[in-house]
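Visitor: Quick one: sequence and predicted model below, then my questions.
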Amino acid sequence: MDAKELIARRVARELRDNTLVNLGIGLPTMVAQYVPPHVRVYFQSENGIIGFGARPPEGMEDVHLTDAGGAFVSALPGAVSFDSAMSFALIRGGHLDMTVLGGLQVDCRGRLANWQIPGVLVPGMGGAMDLVSGARRVVVAMTHTQKGAPKIVEKLSLPMTSQRPVTLIVTELAVMEPTPEGLTLRERAPGVSVREIEAATGAELSIVGDVPEMKQ
Amino acid sequence: MRTISPAASAELVPDGAVVMIGGFMGVGSPHRTIAALVARQARDLTVIANDTARPGVGIGKLIGAGCVARAIVSHIGTNPETQKLMLEGKLAVELVPQGTLAERVRAGGAGLGGVLTATGLGTLAAEGRQVVQVGGRDFLVEPALRADIALIAARSADYAGNLVYSLTARNFNPLMAMAAETVIAEANEIVPLGVLPPDAVHTPGILIDQLLERPRVA
């Protein structure tokens, strides 16, 4: 199993029945492929829909029906569309149960940077600041390192997305949770030791007792 | 309501105007008006929109044709031309969180001075913003946005200018229809008065100043 699939499968285990969930572009989108059986999740997209599904067959796309990344999607029975103010009222108003977002860096307090590399990559924050500030649970799905450099760091060197800490960080090596005691190591990926995780992490991890392996 | 040609609509948008443009990555953008603005070689526009789509698509056409001097948007990641012009200092880009942008436009159309939001607190988006405390929580004061012209797109219109949008093509269009001095709408079809059920109308026609003629059917 490659790193991204491992991450997506583990994040999918965080999905709860009858909840509203927003998946970011890229790796987070993969989570939709691994929704556990008997769990009914309503996916929201910032551009104004609840209840979208997979891309329709070639030639059956609707040019007025895409996800926030601009990719064609379908509308499942019971889907609802709305304008951008309603879409973000859902996000900020406590109606969105969970969001899954990619990350560039997360600091020791669980604060995320994921919208800009100054002078190099300036995509803009899109809906990311609203999602991290407003969703009930914020799960970061990202690789543990970038070209060998830790993405979990003591202090962010990239612009912060929100001062509100995220709920959970899932990488191909570990599951971590920001707590008042610091960044707590909750799970290890199969076959990965605590020492290996610490070596790939740029911030101090709080480790309490035996750290279990990630459940698949 | 009489309808106008795309070229006539482009004449109503003067150089230097502040223009709101509906659409999300080009979905739900007023494509015929945009093409007419490119043909008119509009210049120095300030564009308020969610994004600048992709090169050659939707608002990306205006960027590529050099029509835009300033953009107030939430996202430019899908348009390398916008990013390049921004880094070269040839295009001023103000990045605004998407939900904040939507509410600033909504406030502009609803007669409000702005909105209070926790989004952006402590980040670069808070630069130059006042922080106020309400009920023990901090909020940024985000001022309302208004424009000279709003260019919007719908699936269906009737001859009173009533509009119905389709699926994710709705996005910023109904908000912008409220927030500009002059509102120019285009629709995929124009149906006779009485065809659109009152409950189904998303934007009341009284808000629409100009309606583009029906698209030519080949």
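Guide: Alright, I've got the coordinates. Please read these numbers as outputs of a predicted model, since none were measured by experiment. Residues are numbered from 1 along each chain as shown, chains lettered A, B, ... in the order given.
Visitor: okay, CA-based contacts and neighbour counts for the rest of this
Guide: OK.
Visitor: Which helix or which strand is home to the one residue in chain A that gets nearest to chain B?
Guide: Here chain A gets closest to chain B at one residue, A:Pro123, 3.6 Å apart by C-alpha to the nearest C-alpha. Counting by DSSP states H and E, no helix or strand carries A:Pro123.
Visitor: how far away is the closest residue to it other than its chain neighbours from B:Thr119?
Guide: Spatially, and ignoring its direct neighbours in sequence, A:Pro123 is nearest to B:Gly77 (3.6 Å; C-alpha to C-alpha, 6 or more residues apart in numbering or on different chains). Separation of B:Gly77 from B:Thr119 (C-alpha to C-alpha, to the nearest Å): 20 Å.
Visitor: hang on, the earlier thing: verify the contact between the residue nearest to A:Pro123 and B:Leu95 for me.
Guide: No: B:Gly77 lies out of contact with B:Leu95 (C-alpha atoms under 8 Å); the separation is 11.2 Å.
Visitor: follow-up on the earlier one: my read is that the residue of chain A closest to chain B contacts B:Thr52, right?
Guide: No: here A:Pro123 lies out of contact with B:Thr52, judged by C-alpha under 8 Å, at a distance of 10.8 Å.
Visitor: Which neighbours do those two have in common?
Guide: Listed as contacting both A:Pro123 and B:Thr52 by C-alpha atoms under 8 Å, 6 or more residues apart in numbering or on different chains are B:75-76, B:78.
Visitor: Could you give the number of residues near the nearest residue to A:Gln44 once chain neighbours are set aside?
Guide: Nearest residue to A:Gln44, sequence neighbours excluded (C-alpha to C-alpha, 6+ apart): A:Ile50, at 4.3 Å. Residues lying near A:Ile50 (other C-alpha atoms under 10 Å in any protein chain shown) number 22.
Visitor: May I ask you to confirm that A:Ile50 belongs to a strand?
Guide: Yes: under DSSP: H, G, I helix; E, B strand; the rest coil, A:Ile50 sits within a strand.
Visitor: how much space between the residue of chain A positioned farthest from its centre and A:Phe72?
Guide: In chain A, the residue that sits farthest from the middle, by C-alpha atoms, centre = their mean, is A:Gly59; the gap is 30.9 Å. In this view, A:Gly59 and A:Phe72 are 11 Å apart by C-alpha to C-alpha.
Visitor: now do A:Thr184
Guide: Taking C-alpha to C-alpha, one finds A:Thr184 at 39 Å from A:Phe72.
Visitor: Let me know whether my guess that the residue farthest from the centre of chain A is in a helix holds.
Guide: No: read with three-state DSSP, A:Gly59 is coil and lies in no helix.
Visitor: Quick one, grab the pLDDT at it.
Guide: pLDDT recorded at A:Gly59 is 96.
Visitor: again, but for B:Ala218
Guide: Value listed for B:Ala218 in the pLDDT field: 63.
Visitor: And B:Ile190, by the same measure?
Guide: Note on B:Ile190: pLDDT of 97.
Visitor: now the one 4 residues further on
Guide: Note for B:Gly194: predicted pLDDT of 96.
Visitor: For it, give me phi and psi.
Guide: phi 100, psi -10 (degrees, to the nearest 10).
Visitor: quick one: it and B:Val201, what's the gap?
Guide: B:Gly194 is 11 Å from B:Val201, by C-alpha to C-alpha.
Visitor: The two: which has the busier surroundings?
Guide: B:Val201 (16 against 10).
Visitor: Tell me which of B:Gly77 and B:Thr119 has more neighbours.
Guide: B:Thr119 (28 against 21).
Visitor: The more buried one contacts A:Thr161, doesn't it?
Guide: No: taking contacts as C-alpha under 8 Å, B:Thr119 lies outside contact range of A:Thr161: 9.1 Å.
Visitor: Between those two, which contacts overlap?
Guide: A:Met129.
Visitor: counting contacts, what elements does the helix or strand containing A:Thr99 pack onto?
Guide: Using DSSP H and E, A:Thr99 sits within strand A:98-101. Packing contacts for strand A:98-101, counted by 3 or more C-alpha pairs under 8 Å, 6 or more residues apart in numbering or on different chains; DSSP states H and E, involve strand A:19-23, helix A:128-134, strand A:137-141.
Visitor: Okay, now the sheet partners of it, with direction.
Guide: Note on strand A:98-101: by DSSP bridges, its sheet partners are strand A:19-23 (parallel), strand A:137-141 (parallel).
Visitor: ok, and which of the ones you listed has the densest surroundings?
Guide: strand A:137-141 (a mean of 24; mean count of other C-alpha atoms under 10 Å in any protein chain shown).
Visitor: so after that strand, what's the next helix or strand?
Guide: Using DSSP H and E, the first helix or strand after strand A:137-141 is strand A:145-146.
Visitor: Show me the strands paired with that following strand, marking each as parallel or antiparallel.
Guide: Checking strand A:145-146 against DSSP bridges gives partners strand A:149-150 (antiparallel).
Visitor: Pull the residues that contact the strand it pairs with.
Guide: So strand A:149-150 is contacted by A:144, A:200-202 (C-alpha under 8 Å, 6+ apart).
Visitor: hmm, 10 Å instead?
Guide: A:104-106, A:143-144, A:198-203 (C-alpha atoms under 10 Å, 6 or more residues apart in numbering or on different chains).
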